[in-house]
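**Q** sequence first, then the predicted structure, then my questions.
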Protein chains: 2
Amino acid sequence: MPHAKFMHGSAEETETAFYDAMSRADIEAMMTLWADDDEIVCIHPNATRLHGHAAIRAAFESLFERGGVHIRARQLHVTHNLSTSIHNLVEELHQASESDREMHILATNIYMKTPRGWRIVLHHASVAPGAAPEENVSSTTLH
Amino acid sequence: MPHAKFMHGSAEETETAFYDAMSRADIEAMMTLWADDDEIVCIHPNATRLHGHAAIRAAFESLFERGGVHIRARQLHVTHNLSTSIHNLVEELHQASESDREMHILATNIYMKTPRGWRIVLHHASVAPGAAPEENVSSTTLH
């Protein structure tokens, strides 16, 4: 799929495609973003660990039955080297309820460069107390 | 420090040293394991995100005031390439109380190869409901 390869030419593009697939509840688009590897791991907030394509797909299918999830990724921290990009960010839910403002969601997204482009190998999201603190963020490269 | 370099010759050795420093409440040993990078990130269970050495050190100092934390790392999943090793595991607390058995802690630990050996760039721990499910685990390499 040369088209997909061009579309996912960087970890940032794969991340954009990840949250786009979430918002559209598009299970096929979501699953093509994951690495072709049995050891991929996905942890949704307040949920147990999922590993492997079948378990991760089933959980997203179940989530998407209730429609798309609109998330704005912000306060991104990035550490990367040539073959791996590690993102940590705040997942801000659109149309958050009053109770949602008493917590925020932190996510670690890890991308590895594969022959098919930058693919997700791990998504770990969890709940943190209070509103997300404001901070200045930047990115860096480890050699 | 050639001694430290030899001691941390692999991501697995750095991980062992991390949980050892936790158990001994050894702040200096703990902090030498982290990458020399402003973008390092640490998330303790039910806590907000910390980034950078100063914030991470302060949180561990506060934690260690109450003594060492004895954790058995188990059900490890590993994905790695030449320069990065991504570990996801269950952190089992020794002497867990009755209420602790109604939850378990999942941790993502990321190690990057640096001129000073394999160093931690991110630790993301969070609470998951129920007892940790038993599963068979293995590891893999992405090229």
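**A** Happy to help now that I have it. Residues are numbered from 1 along each chain as shown, chains lettered A, B, ... in the order given.
**Q** neighbours around the residue of chain A found nearest chain B, how many?
**A** Relative to chain B, the nearest point of chain A is A:Ser126 (3.2 Å; Cβ to the nearest Cβ). (Glycine included, C-beta is placed from N, CA and C.) Using other Cβ atoms under 10 Å in any protein chain shown, the number of residues around A:Ser126 comes to 25.
**Q** show me what the closest residue to it other than its chain neighbours is bridged to.
**A** Using Cβ to Cβ, 6 or more residues apart in numbering or on different chains and skipping the chain neighbours, the partner closest in space to A:Ser126 is B:Ser126 (3.2 Å). As for beta bridges, B:Ser126 partners with B:Leu106 under DSSP bridges.
**Q** got the contact list for B:Ser126?
**A** Contacts for B:Ser126 (Cβ atoms under 8 Å, 6 or more residues apart in numbering or on different chains) come out as A:43, A:45, A:124, A:126-127, B:43, B:45-46, B:105-107.
**Q** show me where chain A has strands.
**A** When assigned using DSSP state E, the strands of chain A occupy the ranges A:41-43, A:50-51, A:71-80, A:84-93, A:103-114, A:117-129, A:139-141.
**Q** possible to save those as a markdown table with mean pLDDT?
**A** Formatted as a markdown table, those follow (pLDDT from 0 to 100):
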| stretch | mean pLDDT |
| --- | --- |
| strand A:41-43 | 98 |
| strand A:50-51 | 96 |
| strand A:71-80 | 94 |
| strand A:84-93 | 95 |
| strand A:103-114 | 96 |
| strand A:117-129 | 97 |
| strand A:139-141 | 59 |
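**Q** can you lay out the ones you listed as a markdown table showing distance to B:Pro133?
**A** Formatted as a markdown table, the strands of chain A follow (distance: least, Cβ to Cβ, whole Å):
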| stretch | distance to B:Pro133 |
| --- | --- |
| strand A:41-43 | 13 |
| strand A:50-51 | 10 |
| strand A:71-80 | 27 |
| strand A:84-93 | 25 |
| strand A:103-114 | 21 |
| strand A:117-129 | 17 |
| strand A:139-141 | 35 |
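**Q** how many neighbours does the closest residue to A:Gly67 other than its chain neighbours have?
**A** If the residues on either side of it in the chain are set aside, A:Gly67 comes closest to A:Ala25, at 5.7 Å by Cβ to Cβ, 6+ apart. Residues contacting A:Ala25 under the criterion other Cβ under 10 Å number 17.
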